[in-house]
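K.L.:
predicted structure and sequence below. I'll ask about it afterward.
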Amino acid sequence: MSFASELLSSLDEIRAIPDELGLRPFSVVVRVVTWTQGRPGLAGSLSNYTDTPMLTGGSHRPKVRQVTAKDIIASGGLYHAQDMKVGPLTPSYPSTQQNGEGGGVMYSTIDPQVTGATVEIYYGLSGGNLPGEHVWYDKLSDTTDHALNSTLVLRRSAVQNPGGAP
């Protein structure tokens, strides 16, 4: 076990403090929409979807904020002013003697891998000053800049109602 992996449970606890204090107004859900036929929205094709909440430390909302001017400049034009950044997210880790349970965010939650079907993946943000139950986003990038965190950058999707869900 490396020094970094031993820090993950403590880091997860520290990252949970703002949510425990009520300072994390946004919730994030990952929606995987599976279509029954060739391509999304094809006439006669039905969709089914599953929503998975993105939580840190098992039950805490992640940090969500708009990208900064510095992020936009550093992206070389990839990011725009209304894009949202989710993270830092602690990578998943197994249970330890200290906490008795694992934690972090599994990469399969951030980027669900589904094979053999026509699938779309959306990220729903709710809370804060966003209108309605969910505002849907597409993933622009996900980065892991070191062993202790990952970050997602999302852009508002043109799709208002992924999978035909209410």
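P.N.:
Thanks, I have it. Residues are numbered from 1 along each chain as shown.

K.L.:
what helix or strand is residue 8 located in?
P.N.:
helix 3-20 (DSSP states H and E).

K.L.:
could you identify the helix or strand that succeeds that helix?
P.N.:
Using DSSP H and E, the helix or strand that follows helix 3-20 in sequence is strand 26-35.

K.L.:
in its sheet, what does that next one sit against?
P.N.:
strand 47-53 (antiparallel), strand 118-127 (antiparallel) (DSSP bridges).

K.L.:
so what's the residue count around residue 159?
P.N.:
15 (other Cβ atoms under 10 Å). Glycine gets a C-beta too; all of them are placed from N, C-alpha and C.

K.L.:
shouldn't it be in contact with residue 136?
P.N.:
Yes: using Cβ atoms under 8 Å, residue 159 is in contact with residue 136, at 5.8 Å.

K.L.:
which residues touch residue 47?
P.N.:
33, 34, 35, 36, 40, 163, 164 (Cβ atoms under 8 Å, 6 or more residues apart in numbering).

K.L.:
how about 7 Å then?
P.N.:
Applying Cβ atoms under 7 Å, 6 or more residues apart in numbering to residue 47 gives the contacts 33, 34, 35, 163, 164.

K.L.:
that older thread, average pLDDT for the helix holding residue 8?
P.N.:
Mean pLDDT, helix 3-20: 78.

K.L.:
ok, residues contacting it?
P.N.:
With Cβ under 7 Å, 6+ apart as the criterion, helix 3-20 contacts 24, 56-57, 60-61, 90-91, 93, 96, 98-99, 103-104, 147-148.

K.L.:
lowest-confidence entry in the contacts of residue 47?
P.N.:
The minimum pLDDT among the contacts of residue 47 falls on residue 164, with 71.

K.L.:
quick check: chain neighbours aside, which residue is closest to it?
P.N.:
Nearest non-adjacent residue to residue 164, counting by Cβ to Cβ, 6 or more residues apart in numbering: residue 47, 5.7 Å away.

K.L.:
buried ones in the lengthiest strand in the chain?
P.N.:
In the chain, taking DSSP state E as the definition, the longest strand is strand 135-146. Neighbour counts over strand 135-146 (16 or more other Cβ atoms under 10 Å) mark 135, 136, 137, 139, 140, 142 as buried.

K.L.:
tell me what that strand is packed against?
P.N.:
With contacts taken as 3 or more Cβ pairs under 7 Å, 6 or more residues apart in numbering; DSSP states H and E, strand 135-146 sits against strand 118-127, strand 149-156.

K.L.:
since that was my last question, I'll sign off now.
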